[in-house]
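Student: let's see this in three dimensions:
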Amino acid sequence: ELARIAGFLDQLQRLVTDGCGGDLGALRPPDADAPAWEAAVAGAVREQLEVEVYVPLRAAVSRWCVTGWAAEDAVMRVKMEALRAKPLEFFGVAGSPGGWSDAAQVLRDGVGRSTLPCLKLRSIVGAAEEVARRHRTEHEGARRGADADTAHGRADEGSSPVAGGGGATPSLGADDFLPIFIYCVLQAQLERPCALCILLRALCEPSKLIGETGYYLATFEAAVEHLKELDLSDATSFRPPEGGDR
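Tutor: This is a model prediction of the structure:
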């Protein structure tokens, strides 16, 4: 049934964007970037179509998903409750627990409380961007502190400080990102994450599955899958799979 709903939504979206392409293109401001405008229009069309098609069917869709993955989500509730009591060091994540609260809040509000699948997907991307922003901010702060200490030490020695002595901010690789994202998923306290993965995978626009949205959806699925497979009786530390997705 989810596949039929997804196919209907995709077909309607093609009909609207293709049939009204000229009118929608005429609305683009002269200084607007064409690809960005087309993406914004496609997003707006998808959102309205989900309001008109998905919302009336939401009760039935939720019943299918909740019933179909009830056992998995019951196990997940127990595991996630236990893992939320673990210290940050258990997950191999640096920084303070509060440092990742903004990303967890994006997931809690945008994924947990939004009605439309497209808004849930945007929030997963938004949470990933917030993780990257927080990582960049923390490392830039540490670099400035190191630069200041180096400059102070050279001044004490009578030498001239060298600008940028701390080096570039390190990038956040997939192997570092996934534990942080899993921690944020835990703190978001999402209900029925297994059923949610099925819903979002089924109703994600095909064009988005091969782009940024698809990548972070796969990362979200990997986070949920790792939590589902984790044996709490044998877990002394957290070892997510390498590579950031399945």
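Student: where does pLDDT dip in this protein?
Tutor: Applying pLDDT under 70 to the chain picks out residues 96-97, 139, 141-171, 234-246.
Student: hey, where'd the helices end up in the protein?
Tutor: Taking DSSP state H, the helices of the chain run over residues 2-19, 21-26, 34-68, 70-84, 101-106, 117-156, 174-188, 193-203, 206-209, 212-229.
Student: in CSV: these, plus distance to Gly95 and mean neighbour count.
Tutor: In short, each C-beta sits where N, CA and C put it, glycine included. Shown next, in CSV, are these (distance: least, CB to CB, whole Å; neighbours: other CB atoms under 10 Å):
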stretch, distance to Gly95, mean neighbour count
helix 2-19, 38, 14
helix 21-26, 44, 11
helix 34-68, 32, 14
helix 70-84, 17, 15
helix 101-106, 11, 19
helix 117-156, 6, 17
helix 174-188, 9, 21
helix 193-203, 24, 20
helix 206-209, 30, 14
helix 212-229, 18, 19
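Student: ok, the spatially closest residue to Glu47 that is not a sequence neighbour to Val51 distance?
Tutor: Nearest non-adjacent residue to Glu47, counting by CB to CB, 6 or more residues apart in numbering: Cys118, 5.4 Å away. Here Cys118 is placed at a distance of 10 Å from Val51 (CB to CB, to the nearest Å).
Student: list the contacts of the residue nearest to the spatial centre of the chain.
Tutor: When CA atoms, centre = their mean is applied to the chain, the residue found nearest the centroid is Ile124 (2.8 Å). Taking CB atoms under 8 Å, 6 or more residues apart in numbering, we find Ile124 in contact with 107, 110-111, 200, 213, 216-217, 220.
Student: go on, Cys204?
Tutor: 117, 121, 213-214, 217.
Student: any chance of TSV for those, columns distance to Ala26?
Tutor: Output for the contacts of Cys204, formatted as TSV (distance: CB to CB, whole Å):
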residue	distance to Ala26
Pro117	29
Leu121	28
Thr213	27
Gly214	30
Leu217	33
